[in-house]
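Enquirer: following is a predicted model, sequence given first.
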Amino acid sequence: MKRKVLLIITSFVFLILTFAPIQLFSQEYKWFKGNTHTHTINSDGDSPPRVVVRWYRDHGYNFLMITDHNFVTEIKYIDTDKNDDFILIYGEEVTDSYKKTPVHLNCFGTGVYVSPQKGNSVIETLQRNIDAIRKAGGVPQINHPNWHWAFNDNEMKVLKNCKLFEIFNPGCNYFGGLDTPSMEKVWDSILTAGVVMYGMAVDDMHKLATDTGKGWVMVKAKELTTEAILNALENGQFYASNGVTIDEWNVTPEKYEIKIKGKSDWKYVTRFIGEGGKLLKKDGSLNPVYRFNGTEKYVRAVVMDSNGNFAWLQPYFIKK
Ligand SMILES: [Zn+2]
Ligand SMILES: [Zn+2]
């Protein structure tokens, strides 16, 4: 009995010492809505940059990355109003392939063009493009792994220096198939391997009339600047959504807590997930909480509403 108590106390102290809490409830932080994957007539989109930007600005977004295929769309002449609570962040979809397998990565935050790097395997192609994006001063995001079933956790869990990938891109096989993993399964396999990657939801907008408002991220940052948004993304201080809104989200040494903005009559189920994709807890309330017991490797949460929309909240690792 004594030994058990001691063990509990020791693991609790251990948890406090090794867990970096995220103080997202702090008043200093605000939510900023953004889409990080957008095309214009500068590649295969159907609308001019100004028209695309106006749509996102007019629909409550705070930031947008225009990511044309192998082209950096100039933003400085479009983003002229400094006081409209909306910023453009430089972007490009570095559009590469290995044989017939598409390998697409977004590059954020630099106006420097990054050409597709090519490689002798899918893994090498991914890594060489990640390295080139970093070298150019950009932040990389791995796009639509399940599109054309291009690659999955086998390739992604050996990559270095990339924190962001698309958990949701409309029409890109989120649920997988019988013989191919869902994006959630891919994510848990990567996280279980000890590789920290955060899930993004995006529009991958090509047609303005039909492709907008399908997937987005809500970033918790102190201010609306390129640097603050990209830092928050790379630190996992955001959630991805295709319809569910989270009011607050906080991770302390004791618990992982969420407050869902519920719609009247809709129901919400939150799944807390750990190592190996194991279901740690299901919670049907609007204030789901998971209390750590010290044995978890990581904990993440997914909220699904009764109409099939999701919010994907980022994993937090408990170092042991
Ligand atoms: Zn693409
Ligand atoms: Zn695209």
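Expert: Received it, and whenever you're ready, just let me know what you need. Please read these numbers as outputs of a predicted model, since none were measured by experiment. Ligands and ions are numbered 1, 2, ... in the order given.
Enquirer: spell out which parts of the stretch 101-250 of the chain neighbour ligand 2.
Expert: Neighbours of ligand 2 within the stretch 101-250 of the chain, by C-beta under 5 Å from the ion: Asp204. All C-beta spots, glycine's among them, are computed from the backbone N, C-alpha and C.
Enquirer: for ligand 2, what's the nearest residue on the stretch 101-250 of the chain?
Expert: At 4.5 Å from ligand 2, Asp204 is the closest residue in the stretch 101-250 of the chain, using C-beta to the ion.
Enquirer: okay, now the nearest residue to Asn42 once chain neighbours are set aside: neighbour count?
Expert: In space, and not counting its chain neighbours, Asn42 is closest to Asp68: 4.3 Å by C-beta to C-beta, 6 or more residues apart in numbering. Other residues near Asp68 come to 20 when the count uses other C-beta atoms under 10 Å.
Enquirer: in what helix or strand does the residue of the chain found nearest ligand 1 lie?
Expert: Residue nearest to ligand 1 within the chain: His104 (3.5 Å; C-beta to the ion). Using DSSP states H and E, His104 sits in strand 101-108.
Enquirer: quick one: contacts of that strand?
Expert: Outside strand 101-108, the residues within contact range by C-beta atoms under 8 Å, 6 or more residues apart in numbering are 36-37, 65, 67, 89-97, 114, 122, 125-126, 129-130, 133, 136, 138-144, 147-148, 150-151, 162, 230.
Enquirer: in this structure, which residue is closest to the centre?
Expert: Met200 (2.4 Å; C-alpha atoms, centre = their mean).
Enquirer: is it true that it touches Glu166?
Expert: Yes - between Met200 and Glu166 there is a contact at 5.1 Å, judged by C-beta atoms under 8 Å.
Enquirer: and the helices in the protein?
Expert: Counting by DSSP state H, residue ranges of the helices within the chain are 2-18, 49-58, 122-135, 153-156, 183-192, 208-211, 226-234.
Enquirer: which strands and helices sit next to the fifth one?
Expert: The elements that helix 183-192 packs onto, with contact taken as 3 or more C-beta pairs under 8 Å, 6 or more residues apart in numbering; DSSP states H and E, are helix 153-156, strand 164-168, strand 298-305.
Enquirer: check the last one too.
Expert: Helices and strands touching helix 226-234, as assessed by 3+ C-beta pairs under 8 Å, 6+ apart, comprise strand 87-89, strand 139-142, strand 198-201, strand 216-221.
Enquirer: mean pLDDT added to those strands, as a markdown table?
Expert: Formatted as a markdown table, those follow (pLDDT from 0 to 100):
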| stretch | mean pLDDT |
| --- | --- |
| strand 87-89 | 97 |
| strand 139-142 | 98 |
| strand 198-201 | 98 |
| strand 216-221 | 97 |
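Enquirer: who touches stretch 252-269?
Expert: By C-beta under 8 Å, 6+ apart, stretch 252-269 touches 15-16, 19, 21, 244-251, 270, 272, 282-292, 299, 301, 303-307, 311, 313, 316.
Enquirer: switch the cut-off to 7 Å
Expert: 15-16, 19, 21, 244-250, 270, 272, 282, 284, 286-292, 299, 301, 303-307, 313, 316 (C-beta atoms under 7 Å, 6 or more residues apart in numbering).
Enquirer: hmm, back to that, neighbours of the residue of the chain closest to ligand 1, how many?
Expert: By other C-beta under 10 Å, neighbour count at His104 equals 26.
Enquirer: partner residues bridging it?
Expert: Following DSSP bridges, His104 is listed with bridge partners Thr95.
Enquirer: ok so, going back, determine which stretch of the helices of the chain is the most buried.
Expert: Each of the helices of the chain was scored by mean neighbour count; the highest is helix 183-192, a mean of 22, by mean count of other C-beta atoms under 10 Å.
Enquirer: and the contacts of it?
Expert: So helix 183-192 is contacted by 145-146, 152-153, 156-157, 167-168, 174, 176, 197, 199, 273, 275-277, 298, 315 (C-beta under 7 Å, 6+ apart).
Enquirer: tally up the residues packed near Val202, please.
Expert: 28.
Enquirer: that one touches Thr38, doesn't it?
Expert: No - contact between Val202 and Thr38 fails when scored by C-beta atoms under 7 Å: they sit 8.2 Å apart.
Enquirer: sounds good, over and out.
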